[in-house]
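Asks: can you look at this prediction? I've put the sequence above it.
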Amino acid sequence: MLGLQYYSYQYYSYQDLQQLKEILAYDSIGEIEFYEDEKVIEYKINRKNCILLSDLIELIKIGFIRFHLGQLLQLFINLLEKVKVMHLKKIEHLYLSLDRIWLKLENNQYLTILYKPIKYDIAFTGYKNIFHENLPKQECADSENIHNIISNIINTFKTENIFCNKNGSSKNEIINKIYNVILKSCQKQNLQETINTIYQLLKNNQFNHIQQTIQFDDKLKYYSKRQHQQGKIKDKLQFLITKYDKNPLLLDLFLFEKISEMRQNLKNWQSRDFNEIQEQKQYQTLLQNYEQKQQQLQEVASENINTLIVGYQKVKFEPYFKFQMEQSLIKNTIEQIMKSKIFKYFENSKQIYNSNTKDFQNYLVINTAIPIINDLIDDFIRLQFLMLINDLI
């Protein structure tokens, strides 16, 4: 993102490793590691040339990066074409969302506060992985899902008066001739028809393949004042990354707070110097909130796991045997469960982390704990029998 060197991580569970590897042969991003004992995949993604779709939309909305309307229409086509190819390859995702779609920019390109043409590939993460942050949201056919994602982006832009040009000019024409036309096509849920509709819009609105613009886009590719600020902004953000790159999620949250502040300064063409004491306080506030949230989760999770273990003991062996599990064994089991990689899922993006996921996190803890506790109880009973037999010999 913005040519800044740092890494983000995403974690997803899986059921069939071989099937997942076949999908990854077609669609992969970053460095991948499998935790086969937990059935979890880890993506390590270099943000220098990769941007999450939810981040891209946020940066467009606040007006920090410059992104032509022509580029937005081309992005919609690329998303639809991606799903179309998946259909041909008989690959299903089933859980597409803004937080599971990445743009991989080619040839060390990156988005900036200036307009610039870009080339990129689309990558999906989280194949066949439920929305742990929103369990009621069920699986959905990819064609329907991608049409819904495009429709949601357009409706958001309409509501917030986002038209991908400097002054929001030609508002009514863009709404009637671009946005509403795509929305109407998306309702039909036909991939090829929507692709054809958007291609026709590009043709009708004088799409420039080199500049990636249509007639409603700003004519000037660069703004001299923004161009003057670009290097300073990048240097400041990279300095913060170097200083605060300890927790990937917190770094992402911190950077976007600073980017929002920079956007306000850009409106007045100012370049405010950072106050290191203020920056430290700002980061510490994020850190304290994160640690408090983690502590609360740990306390509730530990209590729930302990309750599960006690319950399983009562059912499985307490009515028949007199032996008891040591508290140290229970404590070690709780610690083992809480180290499960899948709990990092809730740090996959700022949006997931900031959503109200406490109940869903507890649900995931319980589901993760049950098979581990089952094995623990069975192993404990088996060990007691072996010790009993040994004593009798």
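Replies: Received it, and whenever you're ready, just let me know what you need.
Asks: check which residues of stretch 69-89 are buried.
Replies: For stretch 69-89, a neighbour-count test (16 or more other CB atoms under 10 Å) marks 69-77, 79-80, 82-84, 86 as buried. Heads up, the C-betas are built off the backbone N, CA and C, glycines and all.
Asks: and the strands in the protein?
Replies: Along the chain, counting by DSSP state E, strands occupy 7-13, 31-35, 40-46, 50-52, 101-105, 120-124.
Asks: for T368, which non-adjacent residue is closest in space?
Replies: Spatially, and ignoring its direct neighbours in sequence, T368 is nearest to S340 (5.3 Å; CB to CB, 6 or more residues apart in numbering).
Asks: then I29?
Replies: According to CB to CB, 6+ apart, the nearest residue to I29 is A123 (3.9 Å).
Asks: who's in contact with that neighbour?
Replies: D27, S28, I29, C50, I101, W102, L103, K104 (CB atoms under 8 Å, 6 or more residues apart in numbering).
Asks: next, find the distance separating it from E92.
Replies: 16 Å (CB to CB, to the nearest Å).
Asks: cool, and N247?
Replies: N247 is 33 Å from E92, by CB to CB.
Asks: look up how far L94 lies from the residue nearest to I370 when sequence neighbours are not counted.
Replies: Excluding its sequence neighbours, the residue lying closest to I370 (CB to CB, 6+ apart) is L308, at 6.9 Å. Plainly put, L308 is 30 Å away from L94 if you go by CB to CB.
Asks: between these two, who's got more neighbours?
Replies: L308 (20 against 15; other CB atoms under 10 Å).
Asks: and the more buried one, what does it touch?
Replies: I366, A369, I370, I373.
Asks: E92: how many residues sit nearby?
Replies: So E92, with other CB under 10 Å, has 15 neighbours.
Asks: list the contacts of it.
Replies: Contacts of E92 (CB under 8 Å, 6+ apart): M86, Y127, K128, A141, D142.
Asks: closest to D359 out of these?
Replies: K128 (22.9 Å; CB to CB).
Asks: quick one: low-confidence parts of the stretch 151-300 of the chain?
Replies: Low-confidence segments of the stretch 151-300 of the chain (pLDDT under 70): 167-169, 220-224, 266-274.
Asks: would you list every one of the helices in it?
Replies: 171-174, 180-186, 191-204, 224-244, 248-267, 276-316 (DSSP state H, counting those that start in this stretch).
Asks: and those helices: which comes nearest I57?
Replies: helix 248-267 (12.5 Å).
Asks: distance from the chain centre to the closest one, please.
Replies: Chain-centre distance of helix 248-267: 17 Å, with CA atoms, centre = their mean, to the nearest Å.
Asks: can you show me the CA trace of that helix as CSV?
Replies: Output of helix 248-267 as CSV, limited to C-alpha atoms (Å, rounded to 0.1, in the frame of the first residue of the first chain):
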residue,chain,number,x,y,z
PRO,A,248,0.8,-6.0,12.3
LEU,A,249,-2.8,-5.2,13.3
LEU,A,250,-1.9,-2.3,15.5
LEU,A,251,0.5,-0.9,12.9
ASP,A,252,-2.3,-1.0,10.3
LEU,A,253,-4.8,0.7,12.7
PHE,A,254,-2.1,3.4,13.5
LEU,A,255,-1.2,4.0,9.9
PHE,A,256,-4.8,4.6,8.9
GLU,A,257,-5.3,7.0,11.8
LYS,A,258,-2.3,9.0,10.6
ILE,A,259,-3.5,8.8,7.0
SER,A,260,-6.8,10.3,8.0
GLU,A,261,-5.0,13.1,9.7
MET,A,262,-2.8,13.7,6.6
ARG,A,263,-5.9,13.8,4.4
GLN,A,264,-7.3,16.7,6.5
ASN,A,265,-4.0,18.5,6.1
LEU,A,266,-4.0,17.9,2.4
LYS,A,267,-7.2,19.8,2.1
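Asks: which other residues reach that helix?
Replies: Against helix 248-267 from outside (CB under 8 Å, 6+ apart): 4, 6-9, 55, 58-59, 62-64, 113, 226, 229, 233, 236-237, 240-241, 244-245, 271-272, 279, 282-283, 286-287, 290, 347, 349-350, 353.
Asks: also stretch 41-52?
Replies: 1, 3-14, 20, 29-35, 98-99, 101-106, 108-111, 123, 125, 341, 349.
Asks: hang on, the earlier thing: deepest-packed of the strands of the chain, please.
Replies: Highest mean neighbour count of these: strand 50-52, a mean of 24 (counted as mean count of other CB atoms under 10 Å).
Asks: neighbouring strands of that strand in the sheet, and parallel or not?
Replies: Strand 50-52 pairs in its sheet with strand 101-105 (antiparallel), by DSSP bridges.
Asks: quick check: mean pLDDT across the strand it pairs with?
Replies: For strand 101-105, mean pLDDT is 97.
Asks: still on that earlier bit, ok, the contacts of E92 vs M387, which is closest?
Replies: Distance to M387 across the contacts of E92 (CB to CB) is lowest for K128, with 43.2 Å.
Asks: neighbours of that closest one, just the number please.
Replies: There are 17 residues near K128, going by other CB under 10 Å.
Asks: my read is that it contacts H93, right?
Replies: Yes. In this structure, K128 is within contact of H93 by CB atoms under 8 Å, at 6.9 Å.
Asks: quick one on the thing from earlier: show me what contacts the residue nearest to T368?
Replies: If you count contacts by CB under 8 Å, 6+ apart, S340 has them with E38, V40, T368.
Asks: now with 10 Å?
Replies: Contact analysis of S340 by CB atoms under 10 Å, 6 or more residues apart in numbering lists Y11, S13, Y35, D37, E38, V40, L364, V365, T368, A369, I372.
Asks: nothing else from me, thank you.
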